[in-house]
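Novice: Dropping the sequence and predicted coords here.
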Amino acid sequence: MSGVGGFLNPEEEEYLRKGHIYRRKGDLSQAFRSYCHAVKLNPKSPIIWNNIGAIFYLTGYHSLAISCTRKALLLDPKYCNAKTNLEVLEESRDFPTKTIKIKPKVMFSLLQ
């Protein structure tokens, strides 16, 4: 079934793919935008929510990262990547890390 849950249609896949490319290049703002476009198309995708959580983590917003990763697990409790990421997030939440910050206003407007 395309467009629901973990299954993505071609447009969603393209935004997800672009997000991965931007993330690998270190352009976290663009990666975040791509993932947000994908989640607007399919808000029930645990894959997309997990990737948004990764961007929040990388930009220092650990609480939002945990929330997005938990959302991914709510959508698919068997999603191994999200389970692993949540464990790492919860273990690292007490250890400050040097991170890049994206303006929260930009993030929240993209998710709406």
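Specialist: Received it, and whenever you're ready, just let me know what you need. All figures in this text were calculated on a predicted structure; none of them were measured in a lab.

Novice: C-alpha only now, for contacts and for neighbours.
Specialist: Will do.

Novice: from what I can see N85 touches T69, true?
Specialist: Yes. N85 sits in contact with T69 when judged by CA atoms under 8 Å, with a separation of 7.2 Å.

Novice: which one of these two has more residues nearby?
Specialist: Taking neighbours as other CA atoms under 10 Å, N85 and T69 compare with T69 leading, 30 against 20.

Novice: ok, for the more buried one, nearest residue in space, not its chain neighbours?
Specialist: N50 (5.0 Å; CA to CA, 6 or more residues apart in numbering).

Novice: And that neighbour, what's its pLDDT?
Specialist: We have a pLDDT of 96 for N50.

Novice: So it, which state does it fall into?
Specialist: At N50 the chain is in helix, as set by DSSP: H, G, I helix; E, B strand; the rest coil.

Novice: Also the one 10 residues further on?
Specialist: Assigned by three-state DSSP, the conformation of G60 is coil.

Novice: picking up where we left off before, how many other residues sit next to the residue nearest to T69?
Specialist: Neighbours of N50 (other CA under 10 Å): 27.

Novice: Please report how far L41 lies from S63.
Specialist: 24 Å (CA to CA, to the nearest Å).

Novice: How about L89?
Specialist: Taking CA to CA, one finds L89 at 9 Å from S63.

Novice: Between these two, which has more neighbouring residues?
Specialist: L89 (19 against 15).

Novice: where's that one, which helix or strand?
Specialist: L89 is part of helix 80-92, with elements assigned from DSSP states H and E.

Novice: Which elements pack onto that helix?
Specialist: Secondary structure elements in contact with helix 80-92, counted by 3 or more CA pairs under 8 Å, 6 or more residues apart in numbering; DSSP states H and E, are helix 46-58, helix 62-75.
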